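Enquirer: Quick one, fold the following:
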Amino acid sequence: MPNESASKEWSLGGLGADGPDPKLREKLMLFGQFVGDWDIVDARFVQADGTWVKMKGEVHFAWILEGTAVQDVWIGRRQDTLQLVVHGTTLRFYDPKIDSWRSTWISPLRNLVKPFIAKMVGDEIVL
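Expert: All right, here's what the predicted structure looks like:
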């Protein structure tokens, strides 16, 4: 559900864009459909030991780099302690050479950088 009050507002000159690049608009809407601020409801996060922790949080998606890419920021806290358990950003762009999205998740909290490919398969986004 949309988050009515986004947390901190910040911008980096040259990063943000008003919308998708018109030449790639149709392909860019796979992730462009999520642009906005969202509350996460009933989410779970797997721990290193395989157990699951319930969390509440938010995710913010925005157009970047002249509308050729989408960036998101995820923030999740345990419901019981409010301890930060998920915090990171994903950079995504459509690559016409492979007709898929190239994405990289970055999480300083977990010391992770994870590249992956995303595409539409049937009616689902598969990462």
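
Enquirer: Across the sheet, point out what pairs with the residue positioned nearest the centre of the chain.
Expert: The chain has residue 72 as the residue nearest its centroid, 3.5 Å off, counting by C-alpha atoms, centre = their mean. When bridges are called by DSSP bridges, residue 72 pairs up with residue 61, residue 90.

Enquirer: Quick check, it in contact with residue 90.
Expert: Yes. Here residue 72 reaches residue 90: they are 5.0 Å apart, a contact under C-beta atoms under 8 Å. Just so you know, the C-beta spots here come from the backbone N, C-alpha and C atoms, and that holds for glycine as well.

Enquirer: where do the strands sit along this structure?
Expert: Taking DSSP state E, the strands of the chain run over residues 36-46, 52-64, 69-78, 84-95, 100-107, 112-121, 124-126.

Enquirer: Who are the contact partners of the residue nearest to the centre of the chain?
Expert: Contact analysis of residue 72 by C-beta atoms under 8 Å, 6 or more residues apart in numbering lists 34, 59, 60, 61, 62, 89, 90, 92.

Enquirer: Which PyMOL command selects the buried ones in those residues?
Expert: To isolate the buried ones among the contacts of residue 72 in PyMOL, judged by 16 or more other C-beta atoms under 10 Å, type:
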select buried, resi 34+59+60+61+62+90+92
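
Enquirer: Looking at the contacts of residue 72, which is nearest residue 24?
Expert: Nearest to residue 24 out of the contacts of residue 72 is residue 92 (C-beta to C-beta; 12.4 Å).
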